[in-house]
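# Fold the following for me, if possible:
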Amino acid sequence: MVTSVGLHMAYFPFAQIETISPRPLLLIAGENAETLQFSRTAYEAAKEPKELMVVPGASHFDLYDKPAYVEPAVERMAEFFTKHLA
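Okay, the predicted model is just below:
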């Protein structure tokens, strides 16, 4: 949780992404999300197993509560983590 602008500005979640390997990493982003670039950066830095799912037509916020976008993402999460955490 960010409690100040300073802490928020100092927060950089990609700094240690390679250290979480070999844990499975599934990134899901909307095709029209302004945050897609961050998902791509994280994907490139991560080690296997990893996957980037880009949801066609979705924005960042569409993935919060629009069934047409959320349902395929949830389905992919179930498949990915069943495979990699079983």
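# so Arg76 sits right up against Ala29, yeah?
No - using C-beta atoms under 8 Å, Arg76 is not in contact with Ala29; the gap is 11.9 Å. Where you see a C-beta, it was placed from the backbone N, CA and C, and this is true even at glycine.
# Have a look at these two and say which one is more surrounded.
Ala29 (24 against 15; other C-beta atoms under 10 Å).
# Can you report phi and psi for the more buried one?
The phi and psi values for Ala29, taken as degrees, to the nearest 10, are phi -140, psi 150.
# tell me the contacts of His60?
Counting by C-beta atoms under 8 Å, 6 or more residues apart in numbering, His60 touches Ala29, Gly30, Ala33, Glu34, Thr35.
# May I ask which helix or strand encompasses the residue nearest in space to the middle of the chain?
Nearest to the geometric centre of the chain sits Leu27, at 2.8 Å (C-alpha atoms, centre = their mean). Taking DSSP states H and E as the criterion, Leu27 maps to strand 25-30.
# Check what contacts that strand and list those residues.
17, 35-36, 39-40, 42-43, 46, 49-55, 57-60, 62-63, 69, 73, 76-77, 80-81.
# Inside helices: which ones of the residues you listed?
36, 39-40, 42-43, 62-63, 69, 73, 76-77, 80-81 (DSSP state H).
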